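Student: here you go, sequence then predicted model.
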Amino acid sequence: MSKIYYKSPEEIELIRESSLIVSKTLAEVARIIEPGVTTKALNTLAETYIQDHGAIPAFLNYNGFPYSLCISPNEQIVHGFPGDYVIQEGDLISVDCGVIKNSFFGDSAYTFQIGEISSEQQKLIDVTQECLKRAIDKAVVGSRIGDIGFAVQSLAEDNGFSVVRELVGHGVGVELHEKPEVPNYGRRGHGMKLEEGMVIAIEPMINAGTANVKFWSDGWTVTSRDNRPSAHFEHTVAVKKGKADVLSTFSFIEEVLKEKR
């Protein structure tokens, strides 16, 4: 899509509906994600849940992607293939999900910590989530794309982490990926001005080590070049005056994780 598609209030509500199905799908993943489970099992569960709730898995067959979830363990940043990988204690597992319902898209991602993780991994998770919150705070009318990127980059780098530059957030709603691009780096006061009706996917992808990445020969999977862990959190957000309207939520996931403790 070469131009920005500004959404009406009614369209934003349809995007919210799709985004909440994504959020609830990720909560279903949270129920079963634990050591000994394969990433393929998570994909099967999610695909069934999405279809059972009147929606379509947005990732399945998107530009040839063969699965309904992107599942990226540890040093994988994004776009990992579900498969025979057996989840282990100490893993970080990024799960990215999208759905289509009523012709509108929702998109969200969450990085799960499996059991006991290292202090570095915990800091990476905490900082990446805080990067997302600070970026969302900037998704208001009158801010600029660079304000979002600066919020992410400054916090990540102040904590000794690095920001992936080859992969960015994006507009979302009518298509899975729309304009504008929403980088996780930038300069305050620079870039496109945010306006009412924009809906964007904000998705910090933060590496513990180098920002440099490797693209796998499968054409999808992206890993950190130094094989150190990465974290990824994403929300679908409507730009509003004063305060952004977050259309997806982690509350369903957090409820499930609290029950499992």
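Tutor: Done, it's in.
Student: now the longest helix anywhere in the chain: buried residues?
Tutor: In the chain, assigned by DSSP state H, the helix with the most residues is helix 9-32. Of the residues in helix 9-32, 11-12, 14-30 count as buried by neighbour count, 16 or more other CB atoms under 10 Å. Bear in mind the C-beta positions are built from the backbone N, C-alpha and C, glycine included.
Student: which elements pack onto it?
Tutor: Contacts defined by 3 or more CB pairs under 8 Å, 6 or more residues apart in numbering; DSSP states H and E place helix 9-32 against helix 39-52, strand 92-101, strand 104-113, strand 235-238, helix 251-260.
Student: one more time with 6 Å, if that's ok
Tutor: Contacts defined by 3 or more CB pairs under 6 Å, 6 or more residues apart in numbering; DSSP states H and E place helix 9-32 against helix 39-52, strand 92-101, strand 104-113, helix 251-260.
Student: who touches it?
Tutor: Residues outside helix 9-32 that contact it (CB atoms under 6 Å, 6 or more residues apart in numbering): 42, 45-46, 49-50, 53, 55, 95, 97, 99, 101-102, 104-106, 108, 110, 173, 199, 236, 238, 247-249, 252-253, 256-257.
Student: give me the pLDDT for the residue nearest to G169 when sequence neighbours are not counted.
Tutor: Nearest residue to G169 in three dimensions, chain neighbours excluded: V182, at 3.3 Å (CB to CB, 6 or more residues apart in numbering). Looking at V182, its pLDDT is 98.
Student: just checking, V182 touches I200?
Tutor: Yes. The criterion here is CB atoms under 6 Å, and V182 meets it with I200 at 5.3 Å.
Student: those two: which is more packed in?
Tutor: Taking neighbours as other CB atoms under 10 Å, V182 and I200 compare with I200 leading, 29 against 26.
Student: packing partners for the helix or strand that contains the more buried one?
Tutor: Assigned by DSSP states H and E, I200 belongs to strand 199-202. Other helices and strands packing on strand 199-202, by 3+ CB pairs under 6 Å, 6+ apart, are strand 169-171, strand 235-238.
Student: neighbouring strands - and their directions - for the following helix or strand past it?
Tutor: Using DSSP H and E, the helix or strand that directly follows strand 199-202 along the chain is strand 205-207. Strand 205-207 has the following strand partners under DSSP bridges: strand 162-163 (antiparallel), strand 230-232 (antiparallel).
Student: nearest to I77, out of those?
Tutor: Of all those, strand 230-232 sits nearest to I77, with 4.4 Å by CB to CB.
Student: quick check: mean pLDDT of that closest one?
Tutor: 98.
Student: in the chain, where is pLDDT below threshold?
Tutor: Along the chain, segments meeting pLDDT under 70 span 1-2.
Student: nearest residue to V141 in space, please, no chain neighbours.
Tutor: K241 (4.6 Å).
Student: burial count for that neighbour?
Tutor: The burial count for K241: 9, using other CB under 10 Å.
Student: any idea how far E10 is from it?
Tutor: 18 Å (CB to CB, to the nearest Å).
Student: I77 looks like it's in a strand, true?
Tutor: Yes. Counting by DSSP: H, G, I helix; E, B strand; the rest coil, I77 is part of a strand.
Student: which residues does it contact?
Tutor: Applying CB under 6 Å, 6+ apart to I77 gives the contacts 164, 205, 222, 230.
Student: can you check G115 too?
Tutor: By CB under 6 Å, 6+ apart, G115 lies in contact with E89.
Student: distance check, it against D245.
Tutor: Remark: distance between G115 and D245 (CB to CB) = 35 Å.
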